[in-house]
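Peer 1: next come a sequence and a model predicted from it.
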Amino acid sequence: MGAVYLAVDESLQQQVALKTLLPALASDVRAIEKMKREVRTAQRLRHKSICATFDFRDNGGEPFVVMEYVEGDTLSNFIYRQPNHRCDEATFRHLAAELVAAVEYAHNEGVVHRDLKPANIQVKPDGSIRVMDFGIAASLKEVASETTGSAVTLSIRYASPEQINGEAAAPSMDIYSLGCVFYEMLSGEPPFPRGDILHQHLTRKPTPIPGVPDSVNRAILWCLEKDPSQRCGDLKALHDLM
């Protein structure tokens, strides 16, 4: 969708990340207006586990988003480096608690991520996390699809049935994606890692993860209910199960 650069904000004397847009998107007025709206929404989020979005600037036809620079590595890489490519129970509970708190806060502010996945979650050197790109990643995919004709508008291994069916954004989508992320953290793979993944999200019930406490499996499978009305709607209750 573009490129990300490490930069220095000279007025604040701090490092920031600049997310630029592909030329095809940067020249599309509708895409730019949509991105501005998403950035204004993301600017409202101020939480220790959410990467801050500072500004949107149009530098002579080269627009970019200014975001907090977060040291560390993606949750994808973090999981892979763990023994047997999965998190132990203590590490999982610590990271999951921060993820739940971040998503619950965003939902209370009326913001849905729509593209939660390990690649959009950063694990810092101190073991804390930052959820990246609230609303922005999904919006970039949508405008890229509209502008370039690309069919890639969702991350299929973490997409909820409602997203696959093209329904309007809702908090339940993020909760399903969280379930996929939690499943991968404890098993090493998302619930449906291969084959016709979209069909499996729509029709197949995921299996419990071997060797995981029953309460944690119940929490994850609750997130992965196909019907949003049967899915976890109370993130505080989810946190208690974990």
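Peer 2: Yes, it's here. Residues are numbered from 1 along each chain as shown.
Peer 1: so His239 touches Leu99, yeah?
Peer 2: No - assessed by CB atoms under 8 Å, His239 is found out of contact with Leu99, at 9.9 Å. Bear in mind the C-beta positions are built from the backbone N, C-alpha and C, glycine included.
Peer 1: who has more neighbours, the two?
Peer 2: Leu99 (22 against 16; other CB atoms under 10 Å).
Peer 1: after whichever strand or helix holds that one, which helix or strand is next?
Peer 2: Assessed by DSSP states H and E, Leu99 sits inside helix 89-108. Remark: after helix 89-108, the chain's next helix or strand is strand 121-123, criterion DSSP H and E.
Peer 1: ok, that next one: who's next to it in the sheet?
Peer 2: strand 73-74 (antiparallel), strand 129-131 (antiparallel) (DSSP bridges).
Peer 1: what lies in contact with the last one?
Peer 2: The one in question is strand 129-131. 49-51, 68, 70, 72, 75, 95, 98-99, 102-103, 106, 113, 116, 120-124 (CB atoms under 8 Å, 6 or more residues apart in numbering).
Peer 1: report the mean per-residue pLDDT for it.
Peer 2: Across strand 129-131, pLDDT averages out at 96.
Peer 1: check the offset of it from the chain's centre.
Peer 2: 9 Å (CA atoms, centre = their mean, to the nearest Å).
Peer 1: do the shortest one as well
Peer 2: In this view, strand 73-74 has its centroid 13 Å away from the chain centroid, taken as CA atoms, centre = their mean.
Peer 1: quick one: residues in contact with it.
Peer 2: By CB under 8 Å, 6+ apart, strand 73-74 touches 118-123.
Peer 1: make JSON lines from the residues you listed and add distance to Phe56, pLDDT and neighbour count to it.
Peer 2: JSON lines is the format used below for the contacts of strand 73-74 (distance: CB to CB, whole Å; pLDDT from 0 to 100; neighbours: other CB atoms under 10 Å):
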{"residue": "Pro118", "distance to Phe56": "26", "pLDDT": "97", "neighbour count": "22"}
{"residue": "Ala119", "distance to Phe56": "22", "pLDDT": "94", "neighbour count": "16"}
{"residue": "Asn120", "distance to Phe56": "19", "pLDDT": "93", "neighbour count": "24"}
{"residue": "Ile121", "distance to Phe56": "23", "pLDDT": "97", "neighbour count": "25"}
{"residue": "Gln122", "distance to Phe56": "21", "pLDDT": "97", "neighbour count": "22"}
{"residue": "Val123", "distance to Phe56": "27", "pLDDT": "97", "neighbour count": "24"}
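Peer 1: which of those lies closest to Thr41?
Peer 2: Distance to Thr41 across those (CB to CB) is lowest for Asn120, with 16.3 Å.
Peer 1: is it true that the closest one touches Tyr158?
Peer 2: No - Asn120 is not in contact with Tyr158 according to CB under 8 Å; the separation is 9.2 Å.
Peer 1: how about the residue nearest in space to the middle of the chain: what's its closest non-neighbour residue?
Peer 2: Computing the C-alpha centroid of the chain and ranking residues by CA atoms, centre = their mean puts Leu116 first, at 2.1 Å. Distances taken as CB to CB, 6 or more residues apart in numbering put Ser177 closest to Leu116, at 3.9 Å, once the chain neighbours are dropped.
Peer 1: is the one you found in a helix, a strand, or coil?
Peer 2: helix (DSSP: H, G, I helix; E, B strand; the rest coil).
Peer 1: what number of residues lie near it?
Peer 2: 27.
Peer 1: list the buried residues of stretch 19-34.
Peer 2: 19-22, 25-26, 28, 31-32, 34 (16 or more other CB atoms under 10 Å).
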